[in-house]
Structures are given as structure tokens and as C-alpha cells.
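> Sequence plus the predicted model coming up.
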Amino acid sequence: MSSDDKKLKWFREARFGMFIHWGIYSVPAQGEWAMFYNDWDYNYYDAFKERFNPLKFDPAYWAELAWNAGMRYVVFTTKHHDGFCMYDSKFTDYKITNTPYKKDITAELVKAFRAKGLKIGLYHSLVDWRHEDFIPDPEHPLWKRGERDFKNRDLAKYREYLYNQVRQLLTEYGKIDLLFFDYTSKHKTSAEWDAEKMLELVYSLQPEIIVNDRLTYEKTSKVWDYCTPEVTVPNSQVKIDGVEYDWETCMTMNGHWGYCAQDKGFKSPQTILEALIKCSSLNGNLLLNIGPDALGQIPPGSVNIMENLSEWMKINSESVHGTEKSSHTPPRGMVYTQKGKTLYLHLFSPPMGDVILPELNGKIKNISLLADNSDVPMITHWGTELLDKKEIRIRPPTSIPPMSVLKISLK
Ligand code: GLC
């Protein structure tokens with residue numbers, strides 16, 4: 001096992017994580033880019049901090065929802081692009097402990113999720129709309145308002161601030177398993193953050209941590225441990241220059257990351273489950289987002305999705321956790337995940353009739369329905385007529401629910 005394999009082991013086994021976008025942007029409730037899109041000035045935006053008091057925040061309940069839904073790690077926004085810190089930063093006053101809530105939300109959240117057994121990931125924005133030495137570009141509110149004179153800004157000072165923040169996060173919150181930096185746009189380069197030096201710092205403080213790929217725009221220099229496509233399930237395992245890498249796609253449950261009161265367009269639990277299974281079948285993970293509101297409540301649409309996933313996980317979780325890409329070809333429209341000599345066939349919808357497995361001739365020990373362990377017969381005859389001996393035809397009950405899984409034990 002290479003050192004990379006060792007570090008990434010838990011990540012590969014987890015397959016499913018919870019992303020949390022939460023900050024003072026949940027007060028105006030229009031998503032985390034609201035300041036930029038609405039052209040709000042700093043004073044207007046800062047007032048939301050005085051109204052941020054999430055008295056209904058119950059991290060133990062969040063952790064339980066996540067765990068039951070099959071999520072095995074969390075990635076929490078310690079700071080988003082607005083620059084507001086959801087932890088007790090020593091380097092700015094623009095932080096959670098200076099709101100009516102007063103407490104260090106990151107500390108509370110980390111404690112509860114860790115106690116439930118989830119791995120801990122921190123999201124930290126490289127972009128900072130608030131810091132006076134961050135250099136604005138077309139994705140910055142000041143640029144959008146027409147400002148172009150940033151001569152007095154000193155990037156080195158911003159970098160120092162960023163490093164200090166990261167150092168604090170990686171020393172005061174116990175073992176951190178994953179760091180999600182966001183992001184290096186086409187207007188920036190990895191030199192902006194001195195990516196290699198940043199990684200040295202990160203690895204020196206948390207030797208087993210894994211870091212995502214957003215310290216660079218071009219992914220060619222490997223200053224990362226895994227890749228992060230966004231709101232899509234790729235058609236194949238993520239590859240760079242012909243080499244396959246570990247990856248995780250992040251995904252919203254509706255159309256927003258941060259809480260958006262108007263957006264009730266939640267995706268169906270089945271759609272999300274299909275995405276999770278497809279990710280697992282391509283050696284990837286799904287990082288599924290929730291955007292809690294300003295009181296600390298998870299939107300009912302998200303709770304509904306997670307409760308639905310929990311029901312499925314109670315019976316079928318082994319077909320996701322610890323599985324990987326299979327080298328076998330599944331029947332058309334279906335998906336395999338694999339763990340050692342066990343293949344999981346994901347049917348998505350109940351079958352029309354018999355299912356023909358395109359290969360596996362002579363390789364199968366037995367096949368059962370994961371839900372109740374009942375045998376799924378292999379069909380060799382039609383009446384008295386012998387079917388093609390090479391054809392592996394099976395007969396799952398047509399009455400099985402959508403998203404059923406067949407467990408195929410190989411010899
Ligand atoms: C996009 C969004 C950002 C969000 C991120 C999550 O970059 O602009 O707000 O945090 O996706 O990956």
C-alpha cells in the first residue's frame with residue numbers, strides 16, 4: 001500500500017459525505033453569493049451578523065441525520081467567500097463569537113460529528129471579499145461595482161492571514177481528516193496562495209489529512225490528494241493526463257448551497273441515491289450539501305431526503321460503503337459496485353422481466369436479493385427448451401421496489 005493509499009483509505013470506504021454551507025448569508029436567505037449578486041455594500045452585509053443567532057442549532061441531531069443517511073464524513077464552511085469566520089478566529093473580528101450567538105459553531109459541530117463517528121473535513125475559502133489585501137478580480141464585489149485601483153493591496157499580507165487562519169484551524173480542533181479549499185479561478189494561479197508551501201504547512205500540522213484540488217486552476221501540478229468535480233456525476237473515473245485519481249463530486253439538494261428560502265425545488269431521494277451509486281461505481285464519492293437557515297434548522301426538503309436515504313441504507317448500505325469500480329460489464333441501464341468477490345447489481349427500477357448478465361459465465365456462486373437474502377434463480381430452461389448455455393439469465397421478482405440491489409457472490 002502506498003502512503004497515498006493509506007491516507008485515502010477512509011475516504012474511499014466512506015463514499016458519501018455531508019457538505020454544509022452555513023454562514024451569515026443564511027439571514028438574507030438567498031444563497032452564499034447574495035452579497036455579490038445583489039451588489040450589497042459591506043455595511044449592509046455586515047448587519048446580517050447582528051441577526052445571526054441560530055438557537056435551534058442541534059449538531060448532535062445533524063450528525064445523527066447524516067450518519068443514518070449513510071454519510072461518513074462532513075465538510076463544514078469555516079469561512080466562505082464573504083470572509084465571515086464561523087469559528088473563533090484569532091486574526092479577525094469578523095467571526096461567529098461576535099454575533100448574538102457568541103459560541104464557536106465550528107467547535108460545536110466538529111465535536112458532535114466526531115462523537116458520532118464521522119470524519120471531519122473543513123471547507124475554507126481562499127477567496128476573501130472582505131480582507132483589505134485580497135486582490136479583487138471579476139468575481140469580487142468591488143470589481144463588479146467598477147473599482148479597478150487595487151495598487152495599495154499587498155497580497156503577501158493576505159497570504160499571511162490565510163496561513164494563520166489555516167494554522168489555527170489545524171491546531172485547535174483536534175484531528176482534521178480533510179481540507180476543502182475553494183477556489184482558484186481562471187483569474188488566479190496557485191502562486192497566489194503559494195500552493196506548495198501551503199501544503200507543507202497543512203501536512204506538517206496534520207500528517208494524515210487529505211486536501212482537495214482547488215489550490216490550483218490547472219490540475220497538472222499535483223498539489224492535491226483528490227479531485228472535485230461539481231454538481232455532476234462524471235461519465236468515467238476522473239483522469240488527468242491519462243492517470244485515474246480519487247474524486248468526489250459535490251452536489252446541492254436543491255439549486256443552492258447556502259440557505260435560499262425561495263428555492264423549494266428539491267431533487268428526489270431516488271435521483272440522489274442514483275448519483276451516489278454511480279459515483280461509487282466509478283471510484284468516486286458524493287458530497288451532498290445542506291444549507292441550514294439562520295435559526296440553525298435544516299430545510300424540511302433536505303430532512304426528507306436524508307430520512308428517505310436512511311430507509312434505503314438500513315438494508316443496502318453494504319452495496320455502497322467500501323465498494324469500488326467493477327471490471328465487469330453490467331446489464332444495460334444498471335450499475336455494478338464491487339467489494340472483493342461480491343458484486344452488487346443496482347437495478348434503479350424494478351425489472352421488466354428476466355435480466356441477462358452480459359458476462360460472468362461460470363463465475364457465479366449465488367445471487368440473492370440484498371433486502372431479504374432471498375435467492376434469485378438463474379434460468380436455464382424455457383419449458384423443456386434449454387436456453388443458450390452461455391447466457392446468464394436471472395429472474396428477480398418484478399414486484400421489488402425501485403433501487404433494489406442484487407448481491408452476486410463470485411467464485
Ligand atoms: C461553487 C460556488 C461556491 C460553493 C462551491 C462548492 O464554487 O460558487 O459558492 O461553495 O461551489 O463547491
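Received, thanks. Computed from a predicted structure; not experimentally measured.

> how near is the residue most central in space within the chain to the ligand?
Ranked by distance to the mean C-alpha position of the chain (CA atoms, centre = their mean), the top residue is Leu287 at 1.5 Å. Distance, Leu287 to the ligand, by CB to the nearest ligand atom, to the nearest Å: 8 Å. In short, each C-beta sits where N, CA and C put it, glycine included.

> List the beta-bridge partners for that residue.
Under DSSP bridges, the beta-bridge partners of Leu287 are Gly17, Cys250.

> Repeat that for Ile356.
Arg393.

> That one: neighbour count?
Neighbour count for Ile356, taken as other CB atoms under 10 Å: 13.

> For it, give me its contacts.
Pro331, Glu391, Ile392, Arg393, Ile394 (CB atoms under 8 Å, 6 or more residues apart in numbering).

> now with 10 Å?
By CB atoms under 10 Å, 6 or more residues apart in numbering, the residues touching Ile356 are Pro331, Arg332, Ile379, Leu387, Asp388, Glu391, Ile392, Arg393, Ile394.

> And for Gly70?
Per CB under 10 Å, 6+ apart, neighbours of Gly70: 14-17, 273, 276, 286, 288, 306, 309-310, 312-314, 316-317, 320-321.

> Just the buried ones from those residues?
Neighbour counting by 16 or more other CB atoms under 10 Å classes 14-17, 273, 276, 286, 288, 306, 309-310, 312-313, 316-317, 320-321 among those as buried.

> OK, contacts around the closest residue to the ligand within the stretch 301-411 of the chain?
Here the stretch 301-411 of the chain gets closest to the ligand at one residue, Ser302, 16.0 Å apart by CB to the nearest ligand atom. Contact partners of Ser302, counting by CB under 10 Å, 6+ apart, are 18, 65, 69, 252-254, 259, 266, 288-292.

> So which residues of the stretch 1-150 of the chain form strands?
Ranges of strands in the stretch 1-150 of the chain, per DSSP state E, counting those that start in this stretch, are 16-20, 73-79, 119-125.

> export those to CSV and tack on mean pLDDT and distance to the ligand?
Below are the strands of the stretch 1-150 of the chain laid out as CSV (pLDDT from 0 to 100; distance: least, CB to the nearest ligand atom, whole Å):
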stretch, mean pLDDT, distance to the ligand
strand 16-20, 99, 7
strand 73-79, 99, 7
strand 119-125, 99, 7
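
> ranking those strands by burial, who's on top?
Neighbour counts (mean count of other CB atoms under 10 Å) averaged over each of those peak at strand 73-79, with a mean of 26.

> What are the buried residues along stretch 144-152?
Buried-residue list, stretch 144-152, by 16+ other CB under 10 Å: Phe150.

> quick one: average pLDDT of that stretch?
Mean pLDDT, stretch 144-152: 97.

> Just the terminal-to-terminal distance for it.
19 Å (CA to CA, to the nearest Å).

> Pull up the residues of this protein that are close to the ligand.
Residues of the chain found near the ligand (CB under 6 Å from any ligand atom) are Glu32, Trp33, Asp182, Tyr183, Glu230, Cys250, Trp257.
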